[in-house]
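> Build the 3D model from these lines:
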Amino acid sequence: MTPHFQLVHLTGLILEDQSELRLDDLCRACTAQAERIVELVEEGLLTPAGTAPGEWRFTGVHLHRARVALRLERDLGVNLAGAALALELLDELEVLRARVLRLEASGR
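This next block holds a predicted model:
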């Protein structure tokens with residue numbers, strides 16, 4: 001017996017893009033010192049709105065990326081450059097999975 005899958009198309013508002021966190025909010029949410037978050041920004045892992053740490057504003061997407069990067073570093077001993085590469089690859093994987101789903105849904 002082969003499994004049957006049903007594709008469902010969902011639409012909605014992504015709240016992670018709508019939330020706004022200051023540097024201290026992000027630090028609390030990640031249980032990280034501000035210096036660690038600054039390092040993530042300097043490495044290009046996070047790109048907050050604003051020009052200086054006191055003005056930076058982060059989204060829920062930044063929160064997720066920061067947590068993943070810090071977890072990779074803590075749990076696997078990956079340096080920030082390695083975490084940046086891992087996040088880039090995870091982003092690419094997400095894009096490719098979405099493309100496959102769209103192609104499957106269109107019958108190609």
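> Which residues are in contact with the most centrally placed residue in the chain?
The centroid of the chain falls nearest to Arg65 when counting by CA atoms, centre = their mean (3.3 Å). Neighbouring residues of Arg65 by CB atoms under 8 Å, 6 or more residues apart in numbering: Leu40, Leu45, Leu46, Leu87. Where C-beta positions appear, they are placed from N, C-alpha and C, glycine not excepted.
> so, if you compare the residues you listed, which one comes nearest to Leu76?
Leu87 (13.0 Å; CB to CB).
> any chance you could map the helices in the chain?
Along the chain, counting by DSSP state H, helices occupy 15-18, 23-30, 34-42, 60-76, 80-106.
> Least confident of these, on average?
For those, mean pLDDT drops lowest on helix 15-18, to a mean of 53.
> who wins for neighbours among the contacts of Arg65?
For the contacts of Arg65, the largest number of neighbours (other CB atoms under 10 Å) sits with Leu40, at 24 neighbours.
> gap between that one and Thr47?
Going from Leu40 to Thr47 by CB to CB, to the nearest Å gives 10 Å.
> And for Gln33?
Here the criterion is CB to CB. By it, Gln33 lies 20 Å from Thr47.
> more crowded one of those two?
More neighbours surround Thr47 than the other of Gln33 and Thr47, with 13 against 10 (other CB under 10 Å).
> Contacts only, for the more buried one.
Applying CB under 8 Å, 6+ apart to Thr47 gives the contacts Val41, His62.
> Tell me the spacing between it and Leu80.
In terms of CB to CB, Thr47 sits 14 Å off from Leu80.
> now swap in Glu35 and tell me
When Glu35 is compared with Leu80 (using CB to CB), they lie 12 Å apart.
> No further queries at this time; thank you.
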